[in-house]
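> need a structure here:
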Amino acid sequence: MLTLVQYRSGVCNTANCRRKRECTKRHKKHSTTSCKSAPIPQAQLPTPVKVRPASTVAQEQDEKSETYTSLAPDERGQTMALLFFLQTLAVSTVAAQGRFVDLTHALDTNTVYWPGSPSFKFNILSRQQQDSFWYESNNFSTAEHGGTHIDSPSHFSKNQWRLHEIPLNNLIGPGVVIDISARAEKDPDTQVEIADLFQWEEKHGKIPEGAIVLMNSGWDKYWPNKTAVFGSSTPNNSSTFHFPGFSPRTARWIIANRKYINAIGVDTPSIDFGQSRDFQTHVTVFGANIVGLENVANLSRVPVTGATVFAIPVKIRDGSGGPLRIFAMINDVNRAGINHPEILCMMVTFISILLI
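Numbers count the residues shown, from 1 in each chain. Sure, this is the predicted structure:
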């Protein structure tokens, strides 16, 4: 904001004065005796503001002018405050555009585990009022591969990452949701095929680097009905299981052509489909240090593109897997076509700087 500042001392009465108009304080040709000022009415006087010329050149040019402009110190502070406000507003706006979807089934005594794994146990140690405060404490125990959980590459591949070795960068990435729910409704043995990935890329472009590719078969609607989740009336016999997964052909294509992804995930008990006997999808992707996510929930609430997925496990040293808290941040700015929300913040900051 710029302030117009004008200094006037009155009307010059000197006979040979070439300036028959107001005499400014900077009018050097007159002495105080020869320049008898007639006071200007109070209503015409501006509020005096001390002005600091921007440069010596500007000051010399201004000698021939009765008025000049500059940024007052108080207003400089106001402008900086405006800049900070606009930056904060930009960040807040981007954050407000995002909403979160929890993709995790809660761990409890109904949690579904692969046959042979011990069930979830939860023991209350304390849940009572103390002298001046309430106090709760519990013990729990769980197998690695049950409920919503992560498979470390070491689960099916020797010398690959164990749980504590997986970089955080590999647990966060753009969500790519492959929806096969219509097929799975009719055929529980259906699998994610290469054609499904081609179809997704035709609509949304190439699978992005660091992506977390998730199969949505609609299977989470069966949770925690163990018989329905495993697709078998004998849920303790894995040879009878029927549920969708990623086909080994698709896994090999991913390694050959999209090896840069971070993880694949499913809303079923295994990234291999239920009738698999050799778990070749596990073997293939884990051999490339690509992480597996199983029993993921609520994928029908996540758009096929435009979300960021966070898959954060408990950090268990030397673990082959473990409980997972996975969620998606759905950014409506991204869905509107702005792929990098930080660009919006930079634009607002740049415009703010121009106002100074």
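> number of residues surrounding Pro118?
Residues near Pro118, counting by other C-beta atoms under 10 Å, number 10. Backbone N, C-alpha and C define where each C-beta goes, glycine included.
> for the helix or strand where Ile326 lies, name the packing helices and strands.
Using DSSP states H and E, Ile326 sits within strand 321-331. Contact partners of strand 321-331 among helices and strands, from 3 or more C-beta pairs under 8 Å, 6 or more residues apart in numbering; DSSP states H and E: strand 98-102, strand 149-151, strand 307-313.
> pick out the shakiest of those strands, pLDDT-wise.
Note on the helices and strands packed on strand 321-331: lowest mean pLDDT is at strand 98-102, with a mean of 91.
> quick one: list the elements packing against the following helix or strand past that strand.
Later in the chain than strand 98-102, the nearest helix or strand by DSSP H and E is strand 121-129. In terms of contacts (3+ C-beta pairs under 8 Å, 6+ apart), strand 121-129 is packed against strand 134-141.
> which elements pack onto the strand it packs on?
Strand 134-141 packs on strand 121-129, going by 3+ C-beta pairs under 8 Å, 6+ apart.
> just the helices in the stretch 101-250 of the chain please.
For the stretch 101-250 of the chain, the helices defined by DSSP state H, counting those that start in this stretch cover 181-186, 194-204, 226-230, 248-257.
> so for Ile124, which of those helices sits nearest?
Closest to Ile124 of the helices of the stretch 101-250 of the chain, according to C-beta to C-beta: helix 226-230, at 24.7 Å.
> ok, residues contacting that closest one?
The contact list for helix 226-230 (C-beta atoms under 8 Å, 6 or more residues apart in numbering) reads 112, 219, 222-223, 233, 235, 238, 240-243, 268-269, 274.
> please repeat the previous calculation with a cut-off of 7 Å.
Residues outside helix 226-230 that contact it (C-beta atoms under 7 Å, 6 or more residues apart in numbering) are Val112, Tyr222, Trp223, Ser233, Pro235, Phe241, Phe243, Pro269, Gly274.
> make TSV from the helices of the stretch 101-250 of the chain and add distance to Arg127, mean neighbour count and mean pLDDT to it.
Shown next, in TSV, are those (distance: least, C-beta to C-beta, whole Å; neighbours: other C-beta atoms under 10 Å; pLDDT from 0 to 100):
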stretch	distance to Arg127	mean neighbour count	mean pLDDT
helix 181-186	41	14	98
helix 194-204	48	14	98
helix 226-230	29	18	98
helix 248-257	46	18	98
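> which one of these lies nearest to Glu165?
Closest among the helices of the stretch 101-250 of the chain, using C-beta to C-beta: helix 248-257, at 19.8 Å.
> elements contacting that closest one?
helix 194-204, helix 280-286 (3 or more C-beta pairs under 7 Å, 6 or more residues apart in numbering; DSSP states H and E).
> got CSV for those, with distance to Gly322 too?
Shown next, in CSV, are the helices and strands packed on helix 248-257 (distance: least, C-beta to C-beta, whole Å):
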stretch, distance to Gly322
helix 194-204, 28
helix 280-286, 15
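> between those, which gets nearest to Arg249?
helix 194-204 (6.2 Å).
> just the CA atoms of the closest one, as CSV, please.
Below are the C-alpha coordinates for helix 194-204, written out as CSV (Å, rounded to 0.1, in the frame of the first residue of the first chain):
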residue,chain,number,x,y,z
ILE,A,194,-2.6,-57.1,-16.9
ALA,A,195,-5.6,-55.9,-18.9
ASP,A,196,-7.0,-54.3,-15.7
LEU,A,197,-3.8,-52.2,-15.3
PHE,A,198,-3.9,-51.3,-19.0
GLN,A,199,-7.5,-50.1,-18.6
TRP,A,200,-6.6,-48.0,-15.6
GLU,A,201,-3.7,-46.4,-17.5
GLU,A,202,-5.8,-45.6,-20.6
LYS,A,203,-8.1,-43.5,-18.4
HIS,A,204,-5.7,-42.0,-15.9
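> who's in contact with that helix?
Residues outside helix 194-204 that contact it (C-beta under 7 Å, 6+ apart): Val176, Ile178, Ile180, Ile207, Arg249, Thr250, Trp253, Val304, Thr305.
> where does pLDDT dip in the chain?
Residues of the chain meeting the criterion pLDDT under 70: 1-97, 332-356.
> okay, now the domains of it?
The chain resolves into domains spanning 1-71, 99-341 when parsed by automatic domain parsing.
> what's the burial count for the nearest residue to Ile172 once chain neighbours are set aside?
Leaving aside its sequence neighbours, Ile172 sits nearest to Phe310 (C-beta to C-beta, 6 or more residues apart in numbering; 5.3 Å). Phe310: 17 surrounding residues under other C-beta under 10 Å.
> contacting residues around Phe310?
Leu171, Ile172, Ile326, Phe327.
> try 8 Å this time
Counted by C-beta under 8 Å, 6+ apart, Phe310 has contacts Leu171, Ile172, Ile326, Phe327, Ala328, Met329.
> which one of those residues is nearest Phe140?
Nearest member of these to Phe140, counting by C-beta to C-beta, is Ile326, at 19.0 Å.
> bridged to that closest one, which residues?
Ala311 (DSSP bridges).
> that one touches Phe100, doesn't it?
No. With contact defined as C-beta atoms under 8 Å, Ile326 does not reach Phe100; the gap is 11.2 Å.
> these two: who's more crowded?
Set Ile326 next to Phe100 and count neighbours by other C-beta under 10 Å: Ile326 wins out with 27 against 11.
> ok, Phe122 - how many residues close by?
For Phe122, the count of nearby residues is 12 (other C-beta under 10 Å).
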